[in-house]
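In: need a structure here:
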Amino acid sequence: MDGKPLGPTTPANARVMIRDKVAVPRRNKLGLFYIQILIPTRMEVPPMALALDPGGKFEGVAAASNLKVEVTGQVNLPIGVPKKNKERARLRRARRFRNCPRRPARFNNRRHGQRYWLAPTQASKVNARLKAVGELCKVYPIQAIYVEDVRHKPVNGKGDRHFSTAEVGKKLTYEELGKLAPLTLVTARETAAWREEFGLEKIRGPKRPQVFGAQAVDAAAMLMGATGCGLGSPPFHVWTALRFARRSLHRQEFQKGGRRPRFGGTTNGTFFRKGDWVEVSTRKGAIRGWVCGLPTDRTPLVAVADANGKRAGKWRQSDVRLLARASGFTWKEGSGIPPAA
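Out: Predicted structure coming up:
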């Protein structure tokens, strides 16, 4: 009733409470459905824990009660940030030699040594990781967090080519996670031993599918080994961090009429914003997706993409209905079914 997370319930109980108008349906920024109680109720909650398996491109996460694993998921981290930053720097330096608006150069006032600083490449990954964990802690009463500690120390320059980006930003990640719940670090050997003990198989390789066995299996193994809960049949979700072109002064190339219009950004003054979760009414039925293109004077249509970022089409604004404002993530149900414990 006051916004504090309570314990999980069954779908049948949730339907009864919504029917009797003692609860209302909600959905958080990760697309997880939950209900909010409207009447005073008991505040006792079961002990729940969360596990995180960091990675360079995607991470595994799971939450469990004292009985079983309640939810598992994979977080796809932002990619392509170094290329965008390099192009942005090149355009910014070129503008300094032209008579156009620009900001002053700031290449000689860096003071990174006085504070904990992360490059934009790693900061985007850390922020996406912390946001996903924070949203889970808002709907589950997490009382303990387990994280697989990534360790990599190259000796005499050997192995530095395969340095994991998960090693960068650990200090900030651990500090922020410790503010949510008591943090416990788990070694990779302990995770592998628990995974073998419970008969869980992990899919390896550079091009792993988005299934439970790719990354979330390690998070589930940590919870089962540390808390003693069972696996059950938890749902599996895939959360992808949204990335859009930032607002630029103008396009790089001249357009029709010899002008370079403004480019990028998440809004242009219309009702919709990039990243909004919407529903489109079509002849074949309703389609749900995320806004990836805004209407303009030339094309007054709204472009909608699926959870994988693939554009499904363009429709009139009257055919598009807003479901939720942009939350920074897309979501979908995973196709993989967790194996039995």
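In: where does the stretch 51-200 of the chain have low pLDDT?
Out: Scanning the stretch 51-200 of the chain for pLDDT under 70 picks out the ranges 109-115, 152-166.
In: again, 90 this time
Out: For the stretch 51-200 of the chain, the stretches with pLDDT under 90 are 55-57, 66, 79-123, 150-172.
In: which residues in it form helices?
Out: In the stretch 51-200 of the chain, the segments counted as helices under DSSP state H, counting those that start in this stretch are 81-95, 120-139, 170-180, 188-197.
In: tell me which of those helices sits most buried.
Out: Relative to the other members of those, helix 120-139 carries the highest mean neighbour count by mean count of other C-beta atoms under 10 Å, namely a mean of 20. Every residue, glycine included, has its C-beta placed from N, CA and C.
In: that helix - contacts with which helices or strands?
Out: Using 3 or more C-beta pairs under 8 Å, 6 or more residues apart in numbering; DSSP states H and E as the contact criterion, the elements in contact with helix 120-139 are strand 48-53, strand 58-64, strand 69-76, helix 81-95, helix 170-180, strand 236-241.
In: can you lay out these as CSV showing distance to W194?
Out: Written out in CSV, the entries for the helices and strands packed on helix 120-139 read as follows (distance: least, C-beta to C-beta, whole Å):
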stretch, distance to W194
strand 48-53, 10
strand 58-64, 12
strand 69-76, 13
helix 81-95, 33
helix 170-180, 20
strand 236-241, 19
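In: closest to L118 out of these?
Out: Comparison of the helices and strands packed on helix 120-139 against L118 by C-beta to C-beta identifies helix 170-180 as nearest, at 6.7 Å.
In: quick one: list the elements packing against that closest one.
Out: For helix 170-180, the packing partners by 3+ C-beta pairs under 8 Å, 6+ apart come out as helix 120-139, strand 142-148, strand 183-186.
In: output it as PDB, restricted to C-alpha atoms.
Out: Backbone C-alpha positions of helix 170-180 (Å, rounded to 0.1, in the frame of the first residue of the first chain) are rendered in PDB as follows:
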ATOM      1  CA  LYS A 170      33.500  -3.400 -10.100                       C
ATOM      2  CA  LYS A 171      34.100  -0.900  -7.300                       C
ATOM      3  CA  LEU A 172      31.200   1.300  -8.300                       C
ATOM      4  CA  THR A 173      29.000  -1.800  -8.900                       C
ATOM      5  CA  TYR A 174      29.700  -3.300  -5.500                       C
ATOM      6  CA  GLU A 175      29.200   0.100  -3.700                       C
ATOM      7  CA  GLU A 176      25.800   0.600  -5.300                       C
ATOM      8  CA  LEU A 177      24.600  -3.000  -4.800                       C
ATOM      9  CA  GLY A 178      25.700  -2.800  -1.100                       C
ATOM     10  CA  LYS A 179      23.300   0.100  -0.600                       C
ATOM     11  CA  LEU A 180      20.400  -2.100  -1.700                       C
END
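In: what angle sits between that helix and strand 48-53?
Out: For helix 170-180 against strand 48-53, the angle by axes from the mean of the first three to the mean of the last three C-alpha atoms, to 10 degrees is 170 degrees.
In: and helix 170-180, how far from the chain's centre?
Out: Using C-alpha atoms, centre = their mean, to the nearest Å, we find the averaged C-alpha position of helix 170-180 to lie 17 Å away from the chain's own average C-alpha position.
In: cool, and stretch 39-46?
Out: On the basis of C-alpha atoms, centre = their mean, the separation between the geometric centre of stretch 39-46 and that of its chain is 29 Å.
In: repeat that for stretch 272-288.
Out: Using C-alpha atoms, centre = their mean, the distance between the centre of stretch 272-288 and that of its chain works out at 21 Å.
In: model confidence over it, on average?
Out: Per-region confidence: stretch 272-288 scores 93 on mean pLDDT.
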